[in-house]
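In: task: produce atomic coordinates for the following.
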Amino acid sequence: MRLVIAMSSKLPVILRQRNATTRLFRGNRSPLDYQTPLPICARLTRTQCPGYRSELFRTTRIHPALTSVRFFTTKKYSDRDPPSDGNGEQSGDYPASLPATVVVPEVWPHVPVIAINRNPVFPRFIKLIEISNPVLIDLIRRKIKLNQPYVGVFLKKSEENEADVVQSLDDIYPIGTFAQVHEVQDLGNRLRLVVMAHRRIKIVNQIFEDANPKVEHEMKLTFPLLNTTITVPVDDTMTSNKVNRRSLRKKGENRIVERTERIEKINETSFTEIKPQVHAPEKNTEKPLVSSIPQPGQPSQPILMVEVINVTHEKFKQTEEIKALTQELIKTIRDIISMNPLYRESLQQMLHQGQRVVDNPVYLSDLGAALTGADAQELQQVLEEMDILKRLRLSLALLKKEYELSKLQQKIGKEVEEKVKQQHRKYILHEQLKVIKKELGLEKDDKDAIEEKYREKIRQKTVPKPVMDVLEEELNKLSFLESHSSEFNVTRNYLDWLTSMPWGVTSTENLNLQDAYNNVFFIEHLFFIITEFIAVSQLKGSTQGKILCFYGPPGVGKTSIAKSIARALNREYFRFSVGGMTDVAEIKGHRRTYVGAMPGKVIQCLKKTKTENPLILIDEVDKIGKGHQGDPASALLEMLDPEQNANFLDHYLDVPVDLSKVLFICTANVIDTIPEPLRDRMEMIDMSGYVAEEKLAIAKQYLVPQARTESGLSKEQISIQDNALTVLIKSYCRESGVRSLQKHIEKVHRKVAFKVVKKEADKVDITMDNLQDFVGKPVFTHDRMYETTPPGVVMGLAWTAMGGSTLFIESTIRKPTGGKKAEGTFEVTGHLGDVMKESIHIAMTVARNYLKQEDSSNTFLYDSHLHIHVPEGATPKDGPSAGMTIATALLSLAKNQAIRQNVAMTGELSLMGKVLPVGGIKEKVIAAKRVDVKCIILPEENKKDFNDLPKYITDGLEVHFVSTFNDVYRICFSETKETDSFRSAKPITDHALSPQPTFG
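Out: Take a look at the predicted model:
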């Protein structure tokens, strides 16, 4: 019944207002024109009033700067049945299946929010946007169905946020653009939009969508005779709720009357062409707006809709400055387009057809900013700037940066292109040259040339037959391989190494004994070894190999002597260090199957020296490591074994290599850490420290001339006297080597060079009086801790990795003996090792037994509480050579009698008083002589070691060789007298840092 009432009341009014509607289309347009009644009137006009058709739909135009029209429909026309009029031309009106046209209003306060990253959208520019948020997708779909395809596009402040919606207004910039959705592509879970931005807007507040909007149902009725379709409301709850029919009829009549009054009011307006007034829609059918303020305690919702206002530009005039900026913008855009054609395509897509950009500074500033690839913040700054002058300047600055970037890009592109063209041209010319030479018979192909090169390299060498067989096999294999395959490069690298080896090539040795003497004269035993080696080579008429190991403290010249030997024998010299080495492949090489495989150090040495008889120095052999890749010390066994190294097999070459002619020299500081099998294969040569006379000779002959040459001085500008060098050796450089002495001599020469450059002196003479001006105060001010040893104190001799040293053994009473007879105790201090602590216990037993034999009434060692100390407690001490010294100190304390002055001793005691031999005799004798000790007590079995010492070391020494402790007692106590007390003796402390000593 409601449907009949609506039709009877609405249709006559529509027919009555037909002529007024025609006038309306000819005159002014309003958003009300495109609501539901107007398409009906348009169809009636086309049917009943054909005279008005062309004027109605063809002459009425709206300026594109003010409005933009887009149609949304689901019906498509086929090519066979396009809409046309009776004359066969396309009709000017719209098909009946299309809804009303969508006009972009000037004011639209509520828009959905689309948050984007990277670049903002400028007005009058099109952007492709994809959204995946389901809530936002549903919202945009509803808006499009309601013919409200408008959105607000805002830039997110954080580029890390990839979401389509934001949770707070603080996450986006407040100023964005009002955009119209032109095209929609539904991808299921995503929505692809093509939006056209129109103007700048600013967010005022957030509004919220109603979760269950109430939708008013409508029904379309078509009248074929009238060729008209009308839409009437339908209330589905009318029957169930029993609504009064009279109220429904009155409601329909009132709605039609209201629309009629609005149409008549519009007809009364002037038909002159004025700016169309665009208003917000009359009524929203879905009622989506609710309170814009969420309730307290309510969880935050994603921002889907916001309330916005239009942002207008500040008024401006076409001043000269604006014109100049505009022209500069246009010029810069032209320069950018001329440099990069990609910008020309982008500009063509941005510009509207038939629109002059140069006359519009507002659009020109947006165009310049949109054309650049600047940061999002900089582009947003242009979008938010409302002062046209400032915006032009900002856009111009961005364009200038883009222009400089384009220039740099063009420069790089030209350089790369030129390089590629040159390489391509060179390749083509080479290929042409190869073809020409091949046709003329002047050159073979690459593989033949490579094979000929390898055969030429081995033609003058004596290659063993097993190696030659492998060479032929690899050359045949190379001829069947493609030059671009990986196996080709592996085989080629292998052939490079194999043909570079010095097969049968040896250097001519110098067998002159005088040259050997000139290089190693100051080391007598080493001189004999080298001369013997030369003599054997002379008799055999061929070179031979040998394996030597120099061990001694740092700075004694082990590496320098190896270089001198190579120079004396005229052999090539190669050095590599194995200190800290943990990989066996460094010695034996890698397998060829690995990428980047290389031979071992020995094969690399032979390739570099190009001889089969070089001198190879293996440095720091005592510090070789051990890791999960194997034990390199074990890999050295094959290389350093005279019985095996004639057929040394490297993992990479995999052919036997003869190392029997190589002279191997290893260096080490200590021999305890060298594996026993490796030590057994080498001839050990002791390189002990130097005495003062040796240091003086080395300094005068080598160190001073070398330092003078390195500092740029001449003999006329500096001279160092022998007494200055002697003081430097004794008071500054007491270590066994000469490395510290070399540093001090270089320091003196640097200071003299400074004086010469400053013109403070033309020549400087270094003497013992002015030596402190160049090297500072002496490090060693006293030779001994005790000038006179009191009872209970004895000087011992120790050996360290830095050489020999002197140590005092102190013993005293720890606390007074009580009245009752009780067994005595003793305490040991001085950072001693377990071996030395055992020596103290043995020495205590020997001293008690000997004291009982000498004086049975003396029970001092049985009853007293004793304290035995070895000074310099910060230095660890260990070793089995201090027993004789400790027993002598205990007897001296028990007898309250100081031993003979100026005596030093070393040796270990057995439990029965036998004196056992010790090591490091040369270092200990040198240490004793360094502190001016004249009497030294040594074990009898070390007499052979003492006799091997040079005469300049043993001169002026009184040496006693003992076999039992009784001999020691007679030497130490034969010329001494008892003293009343030793507590008045004041020890003199030496502040020099001592290395860790070993009594052994």
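
In: for K922, see how far away A699 is.
Out: 20 Å (Cβ to Cβ, to the nearest Å). No exception for glycine: its C-beta is placed from N, CA and C like everyone else's.

In: same thing with E810?
Out: Distance, E810 to K922, by Cβ to Cβ: 27 Å.

In: count the residues that sit near the closest residue to F826 other than its chain neighbours.
Out: Sequence neighbours aside, L866 is the residue nearest to F826 in space, at 4.0 Å (criterion: Cβ to Cβ, 6 or more residues apart in numbering). Neighbour count for L866, taken as other Cβ atoms under 10 Å: 21.

In: show me what the helix or strand hosting L866 is packed against.
Out: Using DSSP states H and E, L866 sits in strand 865-869. Contacts defined by 3 or more Cβ pairs under 8 Å, 6 or more residues apart in numbering; DSSP states H and E place strand 865-869 against strand 803-815, strand 826-829, helix 883-895.

In: quote the end-to-end distance of stretch 119-130.
Out: Stretch 119-130 has an end-to-end distance of 14 Å (Cα to Cα, to the nearest Å).

In: distance between that stretch and the chain's centre?
Out: Averaging C-alpha positions (Cα atoms, centre = their mean, to the nearest Å) puts stretch 119-130 41 Å from its chain's average.

In: quick revisit: what is the mean pLDDT for the strand holding L866?
Out: For strand 865-869, the mean pLDDT works out to 91.

In: quick revisit: pretty sure the residue nearest to F826 is touching S811, no?
Out: Yes. L866 lies in contact with S811 (Cβ atoms under 8 Å); the separation is 6.1 Å.

In: okay, and the common contacts of those two?
Out: Here L866 and S811 share the contacting residues 890, 893, scored by Cβ atoms under 8 Å, 6 or more residues apart in numbering.

In: any low-confidence regions in the stretch 301-450 of the chain?
Out: Within the stretch 301-450 of the chain, the segments meeting pLDDT under 70 span 343, 345-359, 441-445.

In: now the helices for it?
Out: Applying DSSP state H, counting those that start in this stretch to the stretch 301-450 of the chain gives helices spanning 320-339, 341-350, 361-371, 376-384, 388-440, 446-458.

In: let's have those in JSON lines, adding mean neighbour count and distance to E106.
Out: Converted to JSON lines, the helices of the stretch 301-450 of the chain look like this (neighbours: other Cβ atoms under 10 Å; distance: least, Cβ to Cβ, whole Å):
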{"stretch": "helix 320-339", "mean neighbour count": "16", "distance to E106": "25"}
{"stretch": "helix 341-350", "mean neighbour count": "12", "distance to E106": "23"}
{"stretch": "helix 361-371", "mean neighbour count": "23", "distance to E106": "16"}
{"stretch": "helix 376-384", "mean neighbour count": "19", "distance to E106": "19"}
{"stretch": "helix 388-440", "mean neighbour count": "14", "distance to E106": "20"}
{"stretch": "helix 446-458", "mean neighbour count": "14", "distance to E106": "77"}
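
In: which stretch among those helices comes nearest P778?
Out: Of all the helices of the stretch 301-450 of the chain, helix 446-458 sits nearest to P778, with 61.7 Å by Cβ to Cβ.

In: list of residues touching the closest one?
Out: Contacts of helix 446-458 (Cβ under 8 Å, 6+ apart): 443-444, 471, 475, 478-479, 483, 492, 495, 499-500, 503.

In: can we see that at 6 Å?
Out: 475, 479, 495, 499 (Cβ atoms under 6 Å, 6 or more residues apart in numbering).

In: and the gap between the last one and P656?
Out: Looking back up the chat, that one is T499. 16 Å.

In: more neighbours: these two, which one.
Out: T499 (20 against 14).

In: just give the nearest non-adjacent residue to R571, would you?
Out: Nearest non-adjacent residue to R571 (Cβ to Cβ, 6+ apart): L615, at 4.5 Å.

In: phi, psi of that neighbour?
Out: phi -100, psi 120 (degrees, to the nearest 10).

In: what does D686 give?
Out: Dihedral angles (degrees, to the nearest 10) for D686: phi -80, psi 120.

In: so I936, which of the three states?
Out: strand (DSSP: H, G, I helix; E, B strand; the rest coil).

In: pretty sure it is touching A927, no?
Out: No. Using Cβ atoms under 6 Å, I936 is not in contact with A927, being 10.2 Å away.

In: ok, the two, which is more surrounded?
Out: Ranked by neighbour count (other Cβ under 10 Å), I936 and A927 place A927 first, with 27 against 24.
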